[in-house]
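In: Sharing a sequence plus its predicted fold:
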Amino acid sequence: MRRPLIEAGWFEGFVPADFDVGGTTIHARTGGTDGAPPLLLLHGFPQTHAMWHRVAQRLAPQFSLVLADLPGYGDSAKPADSPDHATQSKRAMAAQLHALMLSLGHRRYFVCGHDRGGRVAARLALDRPEAIQRLALIDIAPTLDMYAATAMDFARLYYHWFHLIQPAPLPENMINGDAVGYLHTKLGRWGGTGLSHVEPEALAEYERCWANPATVHAACEDYRASAGIDLEHDRESRARGDKIACPMLVLWGERGVVNKLFDPPTLWQAQCAAPVSATRVEAGHYIPEEKPAETAAALAQFFAG
């Protein structure tokens with residue numbers, strides 16, 4: 001499939017490649033400064049690593065960057081289905097991304113995730129405390145706490161959490177009936193400013209990848225896992241008293257649903273044994289694209305320690 005961003009050289013200084021790790025293929029772009037601290041950047045739904053373009057360019061002088069398409073998303077391989085959706089669980093996705101970092105020679109590294117990528121990053125920090133030095137999460141609260149607090153406002157504003165988890169192929173068929181329209185609605189409403197925050201090159205990349213029914217199905221499986229096996233993993237971790245061991249930064253949007261309905265600093269501090277730094281940003285949900293300079297500055301300061 002044609003990859004317009006690669007051909008256009010939009011990510012100048014970053015090298016795209018497909019990496020065979022853990023029996024699957026992860027598509028990622030690497031760049032930045034050789035020998036600098038490694039930083040893994042993980043995107044959210046319904047996007048790809050292209051969301052990090054403006055942030056990555058600003059962070060490149062200070063970090064060795066890895067921008068990965070989550071398993072199932074973008075140009076990464078689509079996991080095989082499993083009855084319990086375990087192949088698209090955050091634990092499985094985290095393990096594959098950790099294998100990617102090891103293949104690049106990064107045994108210890110920083111990680112930042114937005115949206116779904118944040119949920120993968122949080123599980124990665126829990127499962128691989130020896131590897132994750134610092135963790136940044138953007139515009140999420142813990143999955144278990146969000147589902148536990150479900151009420152009318154949450155169900156109305158985050159209806160996709162309940163739509164996408166319906167048995168296949170109902171949500172897939174509904175989305176694929178107008179995949180681009182669905183994509184634009186998600187990107188526009190959650191940002192609160194239409195599509196003005198999305199770079200044209202990034203939008204073209206999202207449209208290309210979202211037009212693939214296999215990507216839509218993998219995304220639904222991601223959400224099905226979050227409503228099932230991920231909750232089991234989270235409950236098991238809490239029952240054992242597991243905590244994220246590394247320092248954490250939490251960024252969330254002033255105009256977003258997470259800010260309206262939850263208290264991210266308090267919820268994440270309860271899951272972290274180290275200090276949690278927190279900053280509310282004047283933005284909607286897509287903070288790295290709405291406020292790239294502010295996001296990059298906050299990440300650079302936090303990961304500098």
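Out: Ah, there it is. Numbering: from 1, shown residues only.
In: how much space between residue 77 and residue 200?
Out: With the distance defined as Cβ to Cβ, to the nearest Å, residue 77 ends up 27 Å from residue 200. From N, CA and C alone the C-beta is placed, and that goes for glycine too.
In: Out of those two, name the residue with the larger neighbour count.
Out: For residue 77 against residue 200, the residue with the higher neighbour count under other Cβ atoms under 10 Å is residue 77, and the figures read 19 against 9.
In: Could you list which residues are in contact with the more buried one?
Out: For residue 77, the contacting residues are 24, 25, 26, 71, by Cβ atoms under 8 Å, 6 or more residues apart in numbering.
In: Which strand or helix spans it?
Out: Secondary structure here is read from DSSP states H and E; on that basis residue 77 sits in neither a helix nor a strand.
In: repeat for residue 41
Out: strand 38-42.
In: How about residue 46?
Out: Going by DSSP H and E, residue 46 is not in any helix or strand.
In: all helices for the stretch 151-300 of the chain, in order.
Out: In the stretch 151-300 of the chain, helices defined by DSSP state H, counting those that start in this stretch lie at 152-157, 160-163, 170-176, 179-191, 200-210, 213-226, 229-240, 257-261, 264-269, 287-290, 292-303, listed in chain order.
In: Show me which residues of stretch 237-255 are buried.
Out: By neighbour count, with 16 or more other Cβ atoms under 10 Å as the criterion, the buried positions of stretch 237-255 are 237, 243-253, 255.
In: Hmm, I typed the wrong one, I wanted stretch 26-39.
Out: Of the residues in stretch 26-39, those with enough neighbours to count as buried (16+ other Cβ under 10 Å) are 26, 27, 28, 29, 30, 31, 32, 37, 38, 39.
In: With pLDDT and distance to residue 211 as extra columns, can I get those in JSON lines?
Out: Compiled in JSON lines, the buried residues of stretch 26-39 are given as follows (pLDDT from 0 to 100; distance: Cβ to Cβ, whole Å):
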{"residue": "26", "pLDDT": "98", "distance to residue 211": "21"}
{"residue": "27", "pLDDT": "98", "distance to residue 211": "16"}
{"residue": "28", "pLDDT": "98", "distance to residue 211": "21"}
{"residue": "29", "pLDDT": "97", "distance to residue 211": "21"}
{"residue": "30", "pLDDT": "98", "distance to residue 211": "26"}
{"residue": "31", "pLDDT": "98", "distance to residue 211": "27"}
{"residue": "32", "pLDDT": "98", "distance to residue 211": "30"}
{"residue": "37", "pLDDT": "98", "distance to residue 211": "36"}
{"residue": "38", "pLDDT": "98", "distance to residue 211": "32"}
{"residue": "39", "pLDDT": "99", "distance to residue 211": "30"}
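In: quick one: which of the residues you listed is nearest residue 145?
Out: The nearest member of the buried residues of stretch 26-39 to residue 145, counting by Cβ to Cβ, is residue 39 at 26.6 Å.
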